[in-house]
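In: here is the input, now give the coordinates:
(one chain, ligands or ions: 2)
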Amino acid sequence: MALSKNRILVINPGATSTKMGVFEDEALLFKRTVDHSVQDLQEFAKVVDQYQYRLDLALQVLKEENIEIKTLASIVGRGGLLKSLPGGTYKVNEKMIEDLKKAERGEHASNLGAVMASDLAGQLNVPAFIVDPVSVDEMEPVARISGLADIERISLSHALNMKAVARKVAQEMDKAYEDVNFVVVHLGTGVSVTPHKRGKMIDVNNAKAEGPFSPDRCGGLPADQLVKLCFSGKYTYDELKEKVSSKGGFYSYFGTTDAREVEAMAAAGNEKANIVLEALAYQVAKEIGAMAAVLEGDVDKIILTGGIAYSKRIVADIAKRVKFIAPIEVVPGEEELESLALGALRVIRGEEEAAIYS
Ligand SMILES: Nc1ncnc2c1ncn2[C@@H]1O[C@H](COP(=O)(O)OP(=O)(O)O)[C@@H](O)[C@H]1O
Ligand SMILES: CCCC(=O)OP(=O)(O)O
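Out: Ligands and ions are numbered 1, 2, ... in the order given. Okay, here's the model as predicted:
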């Protein structure tokens with residue numbers, strides 16, 4: 001088989017799934033989502049320990065799709081919790097892999113994207129990239145002040161999907177991303193609410209630690225009660241860290257991170273499920289209001305994206321509270337795989353220079 005120059009494998013490890021696909025230039029050859037239940041992942045103490053499990057699944061999918069790995073011209077992974085950096089396409093290098101393996105900025109499945117891409121690319125002697133990692137940081141100085149001198153607010157978000165969707169919506173308005181103001185909300189396993197001012201994400205609730213709760217995270221908690229819980233002797237450091245970052249939100253109330261299951265419970269008359277669903281929409285709406293204030297009310301559109309944006313009920317519950325701010329555009333699901341492939345293509349074609357992580 002002739003080697004295709006631009007056959008690109010993209011790998012997006014998320015909290016509850018590994019999404020992957022193969023593109024030939026812009027054309028999608030296939031896309032697959034392998035879901036991981038809490039039970040599947042509970043034997044791994046750290047995210048990096050999931051490496052072989054997720055890699056084997058990815059290789060199995062390639063086999064099932066009849067893609068020979070030697071035909072790949074490059075591999076792109078979702079970028080993880082790296083140092084704060086500007087958006088763009090980055091060549092995977094040793095420093096990046098070292099930082100991700102150490103998980104100094106925290107544990108998240110996206111930390112595996114560059115590691116998986118780098119190992120496969122190394123075997124094939126082709127380049128590996130990441131695009132718009134979760135640590136893209138375009139916050140203005142005022143947004144970094146937390147209110148406690150020991151703590152600085154940081155930017156961790158679904159930057160890849162939010163920027164891709166924002167660009168697409170701007171294009172549909174016949175405008176450039178750099179000419180509009182949006183509040184973009186990613187409703188996934190984590191939730192990001194971001195004001196995009198003329199092409200820059202000038203603030204964001206850190207999707208691992210602040211803002212609304214989400215399917216597996218608690219979001220911002222009342223500080224004094226959290227401090228009390230930390231020193232209650234009920235939990236170790238690791239247990240409490242896991243509780244707030246992957247066993248909070250829907251999971252803490254219902255033992256599932258699947259919004260569809262919680263909706264089904266509410267529809268069957270479960271009152272707790274009903275109010276927790278309403279609370280998610282309520283908290284997201286409050287955060288949208290806060291980010292509209294960051295934009296001084298100059299908001300062209302509010303964009304709702306991510307898996308939960310498929311939920312008519314949650315979207316309607318958010319919309320009724322924020323529709324006074326700006327028109328709402330719903331773009332359910334995500335464009336992460338396409339955005340990863342396009343980011344690599346721009347570099348392969350010489351349209352953009354790959355940034356270097358250092
Ligand atoms: N049709 C749907 N209706 C409601 N929720 C959905 C639907 N499809 C997916 N979801 C929910 O979206 C969440 C995952 O969103 P996704 O954007 O795929 O997450 P991730 O952030 O892990 O990429 C899960 O809670 C899932 O239950
Ligand atoms: C850390 C920000 C990105 C994020 O929360 O992704 P998931 O929703 O996939 O966990």
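In: contacting residues for the one residue in the stretch 201-350 of the chain that gets nearest to ligand 1?
Out: Across the stretch 201-350 of the chain, the shortest distance to ligand 1 (CB to the nearest ligand atom) belongs to Gly307, at 2.3 Å. Bear in mind the C-beta positions are built from the backbone N, C-alpha and C, glycine included. Residues in contact with Gly307 (CB atoms under 8 Å, 6 or more residues apart in numbering) are Leu187, Gly188, Thr189, Ala259, Pro332, Gly333, Glu334.
In: beta-bridge partners for Phe182, please?
Out: Bridge pairing for Phe182 (DSSP bridges) gives the partners His196, Lys301.
In: per-residue pLDDT, it?
Out: Listed pLDDT for Phe182 reads 98.
In: likewise for Leu3?
Out: Looking at Leu3, its pLDDT is 48.
In: and for Ser157, the neighbour number?
Out: 29 (other CB atoms under 10 Å).
In: cool, the one 5 residues further on as well?
Out: Neighbours of Met162 under the rule other CB under 10 Å: 28.
In: name all residues that make contact with it.
Out: Counting by CB under 8 Å, 6+ apart, Met162 touches Val184, His186, Ser192, Thr194, His196, Met201, Ile303, Thr305.
In: gap between it and ligand 2?
Out: Relative to ligand 2, Met162 is positioned 10 Å away (CB to the nearest ligand atom, to the nearest Å).
In: same check, this time on Met265
Out: For Met265 relative to ligand 2 (CB to the nearest ligand atom), the value is 22 Å.
In: element containing the closest residue to that residue other than its chain neighbours?
Out: Of all residues not flanking Met265 in the chain, Ala273 sits nearest, at 3.8 Å (CB to CB, 6 or more residues apart in numbering). Using DSSP states H and E, Ala273 falls within helix 271-294.
In: in that helix, what's buried?
Out: Judged by neighbour count using 16 or more other CB atoms under 10 Å, the buried positions of helix 271-294 are 273-274, 276-277, 280-281, 283-285, 287-288, 291-292, 294.
In: by neighbour count, which of the contacts of Gly307 wins?
Out: When neighbours are taken as other CB under 10 Å, the top entry among the contacts of Gly307 is Leu187 (30 neighbours).
In: I'd assumed Val284 was in contact with it.
Out: Yes - shown here, Leu187 and Val284 form a contact pair, counting by CB atoms under 8 Å, at 7.1 Å.
In: alpha carbons of stretch 31-39, as CSV, please.
Out: Taking C-alpha atoms only, stretch 31-39 is exported to CSV below (Å, rounded to 0.1, in the frame of the first residue of the first chain):
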residue,chain,number,x,y,z
LYS,A,31,-14.0,7.8,14.5
ARG,A,32,-14.6,5.7,17.6
THR,A,33,-15.4,6.3,21.3
VAL,A,34,-14.3,3.7,23.8
ASP,A,35,-16.2,4.3,27.0
HIS,A,36,-14.5,3.5,30.4
SER,A,37,-16.7,2.9,33.4
VAL,A,38,-15.6,3.9,36.9
GLN,A,39,-15.1,0.2,37.5
